[in-house]
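1. Coordinates only, no sequence provided:
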């Protein structure tokens with residue numbers, strides 16, 4: 001049984017003006033997501049500014065998310081690192097507080113070989129045998145691309161490696177992964193603009209930035225497709241494309257935090273070195289949010 005089907009939100013980590021984590025705002029944002037149809041909370045990922053959380057904060061944010069969700073929907077924790085030992089420590093800590101899965105990005109900066117990736121993911125998965133592990137492939141950020149054959153080998157040989165968040169942008173590689181795993185891979189789109197293409201080859205959902213501001217629409221897009229109304233799903237996907245483009249006009253999560261503020265939601269500042277969105281791009285974002293019915 002998959003960890004989730006539908007739309008999982010790669011939720012932001014709201015900050016106070018002094019850059020401390022705003023846990024009250026996080027609880028409100030989680031409740032907003034659940035009340036609006038989101039199928040899973042993905043905490044402490046890229047959108048959650050995990051790169052600027054201390055390891056202690058990282059675990060505290062995950063712990064808080066599990067507490068705030070209260071088993072209403074699954075929680076997947078981002079626990080990746082470019083250090084295998086650190087990824088194991090974070091994953092074990094997340095398992096201990098009761099997450100439903102861990103999301104482990106390919107090691108960044110180090111540029112591991114495919115053999116190194118097999119060793120890395122096997123070590124992390126073996127450390128958390130009770131918890132499903134989802135690989136996260138985003139080579140545009142990490143400089144490290146996990147190949148379809150490597151994914152297939154891990155899925156075949158490590159029982160709790162069950163899925164992938166695919167932000168590789170290569171449909172041929174995605175299709176090859178599904179072929180090599182006999183369609184048994186839990187495939188989640190990591191690109192809001194490419195959800196339906198991945199669903200068409202056997203994907204079961206998206207781990208979404210868009211869901212921070214449009215949870216109902218993102219959920220409906222996926223579920224309408226999976227339940228057979230592909231025309232309706234296609235329309236939601238196509239209508240969302242200009243907004244998705246605006247949400248990635250600067251590096252994530254800069255635009256999505258700006259969008260949340262426009263909607264009156266609490267997101268707070270970005271931790272340096274991230275910086276507030278350029279005013280001209282904010283106006284484009286505002287225009288596309290209005291066109292999509294969010295403002």
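-> The structure has been received and is ready for your questions. Computed from a prediction, not measured in an experiment: that's the story for all the values here. Residues are numbered from 1 along each chain as shown.

2. Could you check how far residue 70 is from residue 204?
-> According to CB to CB, to the nearest Å, residue 70 and residue 204 sit 24 Å apart. For the C-beta atoms, the positions are set from N, CA and C on the backbone; glycine is no exception.

3. What segments of this protein are helices?
-> In the chain, the helices defined using DSSP state H lie at 23-35, 55-69, 84-97, 114-127, 139-142, 148-157, 171-180, 195-199, 215-226, 230-247, 254-262, 279-291.

4. Let me have those in TSV, adding mean pLDDT and distance to residue 186 as columns.
-> Formatted as TSV, these follow (pLDDT from 0 to 100; distance: least, CB to CB, whole Å):
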stretch	mean pLDDT	distance to residue 186
helix 23-35	98	20
helix 55-69	98	20
helix 84-97	98	17
helix 114-127	98	14
helix 139-142	94	20
helix 148-157	98	9
helix 171-180	97	11
helix 195-199	98	12
helix 215-226	98	13
helix 230-247	98	19
helix 254-262	98	24
helix 279-291	98	31
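
5. returning to that earlier point: which one of residue 70 and residue 204 has more residues nearby?
-> residue 204 (19 against 10; other CB atoms under 10 Å).

6. check contacts around the more buried one.
-> Contact partners of residue 204, counting by CB atoms under 8 Å, 6 or more residues apart in numbering, are 2, 5-6, 186-188, 226.

7. give me that answer again for 10 Å
-> 2-6, 163, 185-189, 198, 222, 226 (CB atoms under 10 Å, 6 or more residues apart in numbering).

8. With adjacent residues omitted, what lies nearest to residue 100?
-> Nearest residue to residue 100, sequence neighbours excluded (CB to CB, 6 or more residues apart in numbering): residue 74, at 3.8 Å.

9. what residues are up against the one you found?
-> Applying CB under 10 Å, 6+ apart to residue 74 gives the contacts 2-4, 8, 39-42, 99-101, 132.

10. How about residue 152?
-> In this structure, residue 152 makes contact with 176-182, 184-185, judged by CB under 10 Å, 6+ apart.

11. Would you mind checking these for buried ones?
-> Listed as buried from the contacts of residue 152 are 176-178, 180-181, 185; burial here means 16 or more other CB atoms under 10 Å.

12. Go through those and say which is closest to residue 274.
-> Looking at those and their distance to residue 274, the nearest is residue 177, at 31.3 Å (CB to CB).

13. pretty sure that closest one contacts residue 153?
-> No - the criterion here is CB atoms under 10 Å, and residue 177 misses it with residue 153 at 11.2 Å.
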